[in-house]
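*Asks:* quick one, structure for this:
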Amino acid sequence: MAETRMIPIYSVRTGTVGQLSPVEKTEAEWMEILSPQQFYVARKKGTEPAFTGMYHDWKMKGVYQCACCKTDLFLSDMKFDSGTGWPSFSAPVSELNIRTVPDRSQGMNRTEVLCARCGAHLGHVFDDGPPPTHKRYCMNSASLAFVQQEP
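*Replies:* Below you'll find the predicted structure:
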């Protein structure tokens with residue numbers, strides 16, 4: 001019997017790291033649960049136009065999760081206005097919850113950010129963010145889902 005690979009994922013709700021199964025679906029299954037825009041961005045590595053995404057100017061307190069698998073990705077406390085037109089964060093909730101890979105598409109040299117659990121394309125990370133991390137995780141709203149913090 002094949003052994004299921006487990007990956008460590010940090011949960012904001014519990015404050016702990018759990019071992020979870022990767023989320024793997026066929027293209028048809030993703031198309032059934034995601035909007036066309038979410039599918040294009042998250043599963044086909046698309047990019048939404050600047051200043052058009054739901055969360056670029058979002059001010060509520062809470063947790064930004066992966067739109068595909070609901071893995072916790074970013075806290076609103078780490079969000080900042082980068083002026084780029086995309087939601088930008090100085091750090092993820094945990095390095096466990098994301099993966100980064102080189103992206104040399106479109107004639108650029110960038111670092112792509114993916115969800116560690118389902119492989120969704122989230123956006124890119126750059127080294128021009130605010131202290132203390134000096135990182136700018138420039139994400140697509142279409143790849144994110146927001147859960148409001150309870151009062």
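
*Asks:* which helix is the longest one in the protein?
*Replies:* If you go by DSSP state H, the chain has its longest helix at helix 27-33.

*Asks:* go ahead and name everything in contact with that helix.
*Replies:* Residues outside helix 27-33 that contact it (Cβ atoms under 8 Å, 6 or more residues apart in numbering) are 25, 39, 42-43, 68. Placement of C-beta: from N, CA and C, glycine included.

*Asks:* nearest to residue 51, of those?
*Replies:* The closest of the contacts of helix 27-33 to residue 51 turns out to be residue 42 (Cβ to Cβ; 19.4 Å).

*Asks:* got the contact list for the nearest residue to that closest one once chain neighbours are set aside?
*Replies:* Sequence neighbours aside, residue 120 is the residue nearest to residue 42 in space, at 4.1 Å (criterion: Cβ to Cβ, 6 or more residues apart in numbering). Going by Cβ under 8 Å, 6+ apart, residue 120 touches 42-43, 66-69, 114, 143.
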